[in-house]
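1. need coordinates for the following:
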Amino acid sequence: MIAQTAALVLLVTNAQGDLPPDGPLLRAIDQSAPRAFDPGAETEMIAARWHLTRHDPVAAINRLKIVLWQHPAATQVEEALGRLVEAYMALGIVNEAQSAAATLGRVFPGGSWYANARRLLQSSGIEPREDPRSWITRSLD
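-> Below you'll find the predicted structure:
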């Protein structure tokens, strides 16, 4: 609770223009800010899960992109990154799967979605690796 209060104070201070918008302090706040359940993101996740069960990873990826781009503060972001690893591996697009897993590990290092994504990559002899050119890496910077 103290960290959330401190983050709120700093965000208010920034709203007054006292902090540089690209400074390390605001980046740290953004990464530690609590995520919220987002019904719009959940709607996209339901559709993405459905497409994955129907073996249509391209349609699933399109839904997962919406979650990351339009709902970046939602609790569903962690699952969306994990599902992107699954979808890209199903398509054989290894570099995007690696980027999704590496981003997942950077943003949610101790989560079960990261452990599962890493295990999926390692089963193919691959490790997570962020590609700075990947849309996934750029979307959560």
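
2. count the residues that sit near V107.
-> Per other CB atoms under 10 Å, the neighbour tally for V107 reads 14. Every C-beta, even on glycine, is put in place using the N, C-alpha and C of the backbone.

3. how about A101?
-> Neighbour tally, A101, other CB under 10 Å: 31.

4. tell me the secondary structure of it, please.
-> Three-state call for A101 (DSSP: H, G, I helix; E, B strand; the rest coil): helix.

5. tell me how far it lies from L64.
-> Distance, A101 to L64, by CB to CB, to the nearest Å: 14 Å.

6. got the domain ranges for the protein?
-> 2-32, 39-139 (automatic domain parsing).

7. least reliable of the ones you listed going by mean pLDDT?
-> Ranked by mean pLDDT, those end with domain 2-32 at the bottom, a mean of 47.

8. where exactly do the helices run in this protein?
-> 2-15, 24-32, 39-53, 57-70, 77-91, 94-107, 112-122, 135-139 (DSSP state H).

9. right, and those helices - which one's nearest P128?
-> Shortest distance between P128 and those, using CB to CB, is found for helix 94-107: 3.7 Å.

10. hmm, back to that, turn the helices of the chain into CSV, columns for distance to R129.
-> Shown next, in CSV, are these (distance: least, CB to CB, whole Å):
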stretch, distance to R129
helix 2-15, 31
helix 24-32, 20
helix 39-53, 23
helix 57-70, 19
helix 77-91, 12
helix 94-107, 4
helix 112-122, 9
helix 135-139, 10
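
11. show me the beta-bridge partners of A74.
-> With DSSP bridges as the criterion, A74 is bridged to A36.

12. hmm, back to that, buried deepest among the domains of the chain, which one?
-> domain 39-139 (a mean of 18; mean count of other CB atoms under 10 Å).

13. measure that one end to end?
-> End-to-end distance for domain 39-139: 20 Å, by CA to CA, to the nearest Å.
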